[in-house]
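Novice: fold the following and give me the result.
(one chain, ligands or ions: 2)
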Amino acid sequence: MTDTFEEIYRRSIDDPEGFWGEAAELVHWYRRWDTVLDDSDAPYYRWFAGGQTNVCYNAVDRHVEAGHADQLAIIHDSPITGTQQKITYGELRDRVAVFAGALAAQGISAGDRVIIYMPMIPEALVAMLACARIGAVHSVVFGGFASNELAVRIDDCKPRAIVAASCGLEPGRTIEYKPLLDKAIELADHKPEHCIVFQRPQVQAEMSAGRDIDWNEAVAAATPVDCVPLDALAPLYILYTSGTTGQPKGVVRDTGSGIVALNWTMKNIYNMDPGEVFWAASDVGWVVGHSYIVYGPLLGRNTTIVFEGKPVGTPDPGVFWRVIEEHDVKVLFTAPTAFRAIKKEDPGGVYLDRHDTSGLRALFLAGERTDPDTLQWATDKMGVPVIDHWWQTETGWSICANCLGIELLPIKEGSPTRPVPGWAMAVLDDDGNPVAAGDIGSLVVELPLPPGTFPTLWNARQRMFDSYFSRFPGYYETGDAGFIDGDGYVFVMSRTDDVINVAGHRLSTGAIEEVLAAHPDVAECAVIGVRDQLKGELPLGCLVLSSGVDRDHADIIRECVGLVREKIGPVAAFKLAAVVARLPKTRSGKILRGTMKKIADSDEWKMPATIDDPVILDEIGAALKTLGYAT
Ligand code: COA
Ligand code: AMP
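Specialist: Residues are numbered from 1 along each chain as shown. Ligands and ions are numbered 1, 2, ... in the order given. Got it, this is the predicted structure:
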């Protein structure tokens, strides 16, 4: 008889070393680990210390050697260019081995950093896997970020090389990457030695002699190289994510524990069997892309879909159903915002009826809370379990989910179900005491975190401690608030910090404020995330102008919007701003962003006891009304 969820969960908590040691037996090691869990440096824990393995070997070569060279590894489906490309595991191994050779020919070896700035094309995966093959640490930067954000990442991780494409394609817009890249290198103090540029047919990038190398030429001159055995603790990648300041956090994923955890999740959470098609409709620039476009499905010998398109407009709201039908997708993973976009354009599901999606077994949603409307619509229309699951860049895989491969538990609206095996959760009040079932508090995880999570922040060990371990000793502070009900179901309600979630993308209001404050006419500002029907939240800025500024407010707002787009990128989706006379503050000077948000969202709010001057809130309400909020 198979074990129930309860039994498996209990064992993972009571005997984590036995549990994860067993999971580790399912992947290839050049050298077995000395200890499953090394706690000698708590709260920094290390999994599988002493072991040696290679992610690329486990994700690609292992399957080829086991006789699956002809199975499809990648299907690239690009409704934007109207092209498709299918790559078998055998072809992928060959392409990755040669590109790894091209990197090695530039002197790149284990431990060197490589930034990858590419859109949703197979070459992005080839570049990532090639780094993993030789132990270079990749850092993928999302294409929707501007040069300045890229420069910050270049200075933080100091790459020896940058691998880029000539362009990305958004509906109706071609984004030339090379000028953005050149500007970023100009802005950065650290200068990479080389840029390897993949020329897409849509744009020929101009190359800088001596520094830039054409991808095809590099590949033509390279000899394939083999996978390098790496320490389990060696970093596989750095992925930058928003913190509360303009300086992003470099989340590190290590080699050994990442393989073990992601491999485990493919069957146990997503119920995927080798040979089946898995589709994470996200972007390689996000953690979902790292874990479930690239590494997870390839470790599990699935076929992964690399989709260059949008849920709507490429060309219509039926594109998801077309891809599911055409490629026989078994599990789809995307963000609720994608479904809200489809629902808005095709509420009756007319496009869905034109396709046979009967092969689909489940829809997984993450990136933001799945609202009950979206859950119901998707469930009614698709007729498969719709599973909300909660995770973060830091965790690399889900903290809470309904584990389809173990036992499908009843679905409760608004909840990502229960903690997954490996995760022991608690809800604490501000003093660190557990709260009663159903009461809201900080969502925390008992240490150690399971394998596959982040062992550290790049160059910022102390920041890791300060951000995640210091407030509640013995726990990892997720930065989310919520509650656990009497059945053990977790409800994630909001962030406890200044991070907001726009179309499933994590943004720092602090980073946007830093850009706005740099405008010469802005004396101070506050950015809040206001509720949005499509994107979940949108950033909205309240600007206080310097005294004596008598320019047209509309001009200043237009410049501020342009500045955020230029400095952070279009992905910030910053378009809403109002000029206000003053900002509401506590007597100690803290801006009352939480109250501003409640007013903007027209939620119930209480006058904060510590407010300096209550009248300001009326002024803020009036300003928000002009933007269509606080109605
Ligand atoms: N490169 C360059 N620009 C990009 C980009 C990229 N890779 N991705 C997005 N952008 C741009 C968009 O073109 C848009 O620009 P605009 O202001 O000129 O219109 C801006 O960044 C904001 O993008 P986004 O918030 O994604 O809005 P959208 O209107 O383009 O699309 C959705 C809305 C809901 C369809 C879209 O967000 C979506 O498909 N989301 C899926 C969820 C997802 O991928 N989540 C990731 C985590 S799982
Ligand atoms: P990111 O690191 O970009 O993946 O963003 C992580 C944050 O997104 C979390 O801390 C949550 O605030 C939010 N989030 C992700 N998934 C969910 C979910 N299923 N329910 C609620 N919030 C979520």
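Novice: which bits of the protein sit near ligand 1?
Specialist: 143-144, 168, 170, 175, 282-283, 286, 288, 310-312, 334-335, 337-338, 341, 367, 502-505, 535, 570-571, 573 (CB under 6 Å from any ligand atom). Any C-beta I mention is one placed from the backbone N, CA and C, and that applies to glycine too.
Novice: contacts only, for residue 33.
Specialist: Counting by CB atoms under 8 Å, 6 or more residues apart in numbering, residue 33 touches 24, 48-51, 232, 256.
Novice: mind listing which of the residues you listed are in helices?
Specialist: 24, 256 (DSSP state H).
Novice: thinking again about what came up before, of the residues of the chain next to ligand 1, which ones also sit close to ligand 2?
Specialist: Within those, those near ligand 2 by CB under 6 Å from any ligand atom are residue 367.
Novice: can you list which of the residues of the chain next to ligand 1 are found in strands?
Specialist: 168, 170, 175, 334, 502, 505 (DSSP state E).
Novice: how about the first one, nearest residue that isn't a chain neighbour?
Specialist: Spelled out, it's residue 168. residue 119 (3.6 Å; CB to CB, 6 or more residues apart in numbering).
Novice: out of the contacts of residue 33, which are inside strands?
Specialist: Checking the contacts of residue 33 against DSSP E, those in strands are 48-49.
Novice: can you pick the most crowded of the contacts of residue 33?
Specialist: In terms of neighbours by other CB atoms under 10 Å, these top out with residue 256 at 30 neighbours.
Novice: give the contact list for the residue nearest to that one when sequence neighbours are not counted.
Specialist: Using CB to CB, 6+ apart and skipping residues adjacent in sequence, the residue nearest residue 256 is residue 232, 2.7 Å away. Taking CB under 8 Å, 6+ apart as the contact definition, residue 232 lies against 33, 47-53, 254-257.
Novice: quick one: residue 232 and residue 149, what's the gap?
Specialist: 31 Å (CB to CB, to the nearest Å).
Novice: assumed residue 387 was part of a strand.
Specialist: Yes - Residue 387: assigned to a strand according to DSSP: H, G, I helix; E, B strand; the rest coil.
Novice: surely it meets residue 364?
Specialist: Yes - Residue 387 lies in contact with residue 364 (CB atoms under 8 Å); the separation is 4.9 Å.
Novice: okay, and the common contacts of these two?
Specialist: residue 401.
Novice: just give me the closest of the ones in strands among the residues of the chain next to ligand 1 to ligand 2.
Specialist: residue 505 (6.7 Å; CB to the nearest ligand atom).
Novice: pLDDT score for that closest one?
Specialist: Listed pLDDT for residue 505 reads 91.
Novice: please apply the same query to the one 4 residues further on.
Specialist: You'll see residue 509 listed with a pLDDT of 93.
Novice: gap between it and residue 470?
Specialist: 22 Å.
Novice: for residue 402, same thing?
Specialist: For residue 402 relative to residue 470 (CB to CB), the value is 32 Å.
Novice: which residue lies farthest from the center of this structure?
Specialist: Centroid-distance maximum for the chain: residue 548 at 42.9 Å, with CA atoms, centre = their mean.
Novice: show me what contacts it?
Specialist: Applying CB under 8 Å, 6+ apart, no residues qualify as near residue 548.
Novice: surely residue 160 meets residue 107?
Specialist: Yes - counting by CB under 8 Å, residue 160 touches residue 107, with 7.2 Å between them.
Novice: give me the common contacts of those two.
Specialist: The contact lists of residue 160 and residue 107 share residue 193, where a contact means CB under 8 Å, 6+ apart.
Novice: looking at these two, which is more packed in?
Specialist: Using other CB under 10 Å as the criterion, residue 160 and residue 107 rank with residue 160 on top: 19 against 11.
Novice: not counting sequence-adjacent ones, nearest residue to that one?
Specialist: Closest to residue 160 by CB to CB, 6+ apart is residue 112, at 4.6 Å.
Novice: what about that neighbour, neighbour count?
Specialist: 19.
Novice: likewise for residue 456?
Specialist: So residue 456, with other CB under 10 Å, has 18 neighbours.
Novice: so it is in contact with residue 44, correct?
Specialist: Yes - here residue 456 reaches residue 44: they are 6.5 Å apart, a contact under CB under 8 Å.
Novice: now the common contact residues for the two.
Specialist: In contact with both residue 456 and residue 44: residue 464, using CB under 8 Å, 6+ apart.
Novice: show the contacting residues for residue 432.
Specialist: So residue 432 contacts 471-473 (CB under 8 Å, 6+ apart).
Novice: part of a strand, is it?
Specialist: No - per three-state DSSP, residue 432 lies outside any strand segment and is coil.
Novice: show me what from the stretch 501-631 of the chain comes close to ligand 2.
Specialist: Counting by CB under 6 Å from any ligand atom, the residues of the stretch 501-631 of the chain near ligand 2 are 501, 506.
Novice: thinking again about what came up before, return the subset of the contacts of residue 432 lying in strands.
Specialist: Per DSSP E, the contacts of residue 432 never map to strands.
Novice: restrict the residues you listed to the buried ones and give me that as a ChimeraX selection.
Specialist: With 16 or more other CB atoms under 10 Å as the criterion, this ChimeraX line picks the buried residues out of these:
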select :472
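Novice: format the contacts of residue 432 as TSV; extra columns: pLDDT and distance to residue 82.
Specialist: Below are the contacts of residue 432 laid out as TSV (pLDDT from 0 to 100; distance: CB to CB, whole Å):
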residue	pLDDT	distance to residue 82
471	97	51
472	98	52
473	97	56
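Novice: the host helix or strand of residue 480 close to ligand 2?
Specialist: Assigned by DSSP states H and E, residue 480 falls within strand 475-484. Yes - applying CB under 6 Å from any ligand atom, one finds strand 475-484 touching ligand 2 at 479-480.
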